[in-house]
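Chemist: Provide a 3D model corresponding to the input given below.
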Amino acid sequence: QLHLVESGGGLVQTGGSLRLSCAASGSTFRDYGMGWFRQAPGKAREFVSGVSRSGSSRYYSDSVQGRFFISRDNANNVVYLQMDNLKPEDTATYSCAAAHGDRWFPRMDFKYEYWGQGTQVTVSS
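Modeler: So this is what the prediction gives:
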């Protein structure tokens, strides 16, 4: 089992930046592909970004491409989401998720086995 805990959310103005962290424990972190998803009130959960086990492959939704950057530190069992040039439409609860490497399809939320509790990001206009 893998336990995930997000941090780093908060309130920021339009154009600002935040860095989210997701700390993992309980299993071999490097065996898992990781993803970030978000959900705004009244909307469906949506894929934001994903990173492969080694960190060599990264994926982004069209809405965040060029503004967000995902990375991971396998030595310290952490995945990060650097969010720059934030917009009000980025306001949501952000959750990290993990799927075992050979079952990882970055954009498919139903393929992820483990989820964190989420961290709130609010971007004011």
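Chemist: Name whatever forms a beta bridge with the most centrally placed residue in the chain.
Modeler: In the chain, the centroid-proximal residue (Cα atoms, centre = their mean) is Trp36; its distance is 2.2 Å. Beta-bridge pairing of Trp36 under DSSP bridges involves Ser49, Cys96.
Chemist: Report the contact partners of it.
Modeler: Trp36 sits next to 20, 22, 48-50, 70, 79, 81, 94-97 when contact means Cβ atoms under 8 Å, 6 or more residues apart in numbering. Every C-beta, even on glycine, is put in place using the N, C-alpha and C of the backbone.
Chemist: again, but for Ser71
Modeler: Shown in contact with Ser71 (Cβ under 8 Å, 6+ apart): 51, 55, 79-80, 82.
Chemist: now Arg67
Modeler: By Cβ under 8 Å, 6+ apart, the contact set of Arg67 is 83-86.
Chemist: Quick check: the two most widely separated of those residues?
Modeler: The largest separation in the contacts of Arg67, counting by Cβ to Cβ, is between Met83 and Asn85 at 8.2 Å.
Chemist: Going by neighbour count, which of the contacts of Arg67 are buried?
Modeler: 83, 86 (16 or more other Cβ atoms under 10 Å).
Chemist: if you look at the contacts of Arg67, which of them are in strands?
Modeler: Counting by DSSP state E, the contacts of Arg67 place Met83 in strands.
Chemist: Okay, buried residues for stretch 42-52 please.
Modeler: Neighbour-count burial for stretch 42-52, counted by 16+ other Cβ under 10 Å, picks out 47-52.
Chemist: residues near Leu18, how many?
Modeler: Leu18 sits with 21 neighbouring residues when counted by other Cβ atoms under 10 Å.
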